[in-house]
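# Sequence first, then the predicted structure, then my questions.
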Protein chains: 2
Amino acid sequence: MTTAVLAEDELSLTFAALADPTRRAILARLAGGEATVNELAAPFEMTGQAVSKHLKVLERAGLISRSRTAQYRPCRLEPAPLDAATDWITRYRRIWTDRLDGLERHLQTLRADRPVDPDHDGQDDR
Amino acid sequence: MTTAVLAEDELSLTFAALADPTRRAILARLAGGEATVNELAAPFEMTGQAVSKHLKVLERAGLISRSRTAQYRPCRLEPAPLDAATDWITRYRRIWTDRLDGLERHLQTLRADRPVDPDHDGQDDR
């Protein structure tokens, strides 16, 4: 129970962290490799402080980690929460698609059961 | 430019809508088929009003639609924003994986270039 609730909260943290274009741009940049705060701040008209705030949200969601050894503390992407997010979406997306497929198969069965006129070739007789 | 900004905002709306366990539970239920507000409220210790508030967030994000013809106005899942969300995540997840694969290939090349002792079978000589 506790684990399930924790997992729920982690998913909520992940989705909330992704719900901001600047934070998504930061993740997009980090997908290409580690970067320092200054490197991450460069493309935005934003103070280092504002970027640090976004990094804290990403770090709390487990989406990035920061080196504690190197003095310039580069940030790196952590993919596990991204995988949990796509796993959640994909799971329910599949249930939805399977249901539609089931409805379509049912329709085809109904069509197949309908009596067919053997002299009718499917074109209008004129 | 406007389109890109709009798309960005839509992604933010989608991720923000997903950042709540009750809203995810509602979407999970709707993946199995249409449901009315009362049916959606049943599993939660929540007023119909509280559920309606969550439905408005989901509707604004385009994740659900509500029938305007039937009087009981059933809700249904709309999968397009879910696909946009997984597309975004998968894209940057792939860049990250490709980069790691590239690093690994580079390491293997370095290993292959290292001169090998032909008399050495990889085990310690004792």
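The structure has been received and is ready for your questions.
# Does A:L13 touch A:K56 like I think?
No - contact status for A:L13 versus A:K56: not in contact, 11.9 Å apart, counting by C-beta atoms under 8 Å. In this view, the C-beta of every residue, glycine as well, is placed from N, C-alpha and C.
# Which residue, other than its chain neighbours, is closest to A:T14?
Once its chain neighbours are removed from consideration, A:T14 has its nearest residue in A:P81; the separation is 4.3 Å (C-beta to C-beta, 6 or more residues apart in numbering or on different chains).
# same deal with A:A80?
Among residues not flanking A:A80 along the chain, A:G62 sits closest, at 6.7 Å (C-beta to C-beta, 6+ apart).
# Read off the pLDDT value for that neighbour.
Looking at A:G62, its pLDDT reads 96.
# Now name the helix or strand holding it.
Under the assignment given by DSSP states H and E, A:G62 is not contained in any helix or strand.
# For it, what are phi and psi?
A:G62 has phi and psi values of phi 80, psi 10 when expressed as degrees, to the nearest 10.
# Show me which residues of chain A sit near chain B.
Proximity of chain A to chain B is confined to A:8-9, A:11-16, A:18-21, A:24, A:27-28, A:30-33, A:77, A:79, A:82-83, A:85-86, A:88-90, A:92-93, A:95-97, A:99 under the rule C-beta under 8 Å from any C-beta of the partner chain.
# Might you specify the subset of the residues you listed located within strands?
Judged by DSSP state E, the subset of the residues of chain A next to chain B located in strands is A:L77.
# where's A:L18 relative to A:I64, distance?
Spatial separation of A:L18 from A:I64 under the definition C-beta to C-beta, to the nearest Å is 12 Å.
# ignore the last one, A:W96
For A:W96, the distance to A:I64 equals 31 Å [C-beta to C-beta].
# ok, these two, which is more surrounded?
Regarding A:W96 and A:I64, a neighbour count based on other C-beta atoms under 10 Å in any protein chain shown identifies A:I64 as having more, with 25 against 20.
# That one contacts A:L55, doesn't it?
Yes - counting by C-beta under 8 Å, A:I64 does reach A:L55; the two are 6.6 Å apart.
# Find the residues that touch each one of those two.
A:26, A:75 (C-beta atoms under 8 Å, 6 or more residues apart in numbering or on different chains).
# Overlap of the contact sets of A:L18 and A:I64?
Residues touching both A:L18 and A:I64 (C-beta under 8 Å, 6+ apart): A:L27.
# and the longest helix for chain A?
Looking across chain A with DSSP state H, the single longest helix is helix A:80-113.
# if you average pLDDT over that one, what comes out?
Mean pLDDT, computed over helix A:80-113, is 92.
# Now do the buried residues in that helix.
Along helix A:80-113, the positions that meet the burial threshold by neighbour count (16 or more other C-beta atoms under 10 Å in any protein chain shown) are A:81-82, A:85-86, A:88-89, A:92-93, A:96.
# got a list of what the residue most central in space within chain A touches?
Within chain A, one residue has its C-alpha closest to the average C-alpha position: by C-alpha atoms, centre = their mean, that is A:T86, at 4.3 Å. Residues touching A:T86, when contacts are defined by C-beta under 8 Å, 6+ apart, comprise B:86, B:89-90, B:93.
# nearest to A:A70, of those residues?
B:R93 (24.8 Å; C-beta to C-beta).
# Spatially nearest residue to the closest one (excluding sequence neighbours)?
The shortest distance from B:R93 to any non-neighbouring residue, by C-beta to C-beta, 6+ apart, is to A:L82 (5.3 Å).
# tell me how far the longest helix of chain A is from the chain's mean position?
The chain centroid and the centroid of helix A:80-113 are separated by 17 Å, computed with C-alpha atoms, centre = their mean, to the nearest Å.
# quick one, it and helix B:80-113 angle?
Helix A:80-113 and helix B:80-113 meet at an angle of 120 degrees, taking axes from the mean of the first three to the mean of the last three C-alpha atoms, to 10 degrees as the criterion.
# Fine by me, we can end here.
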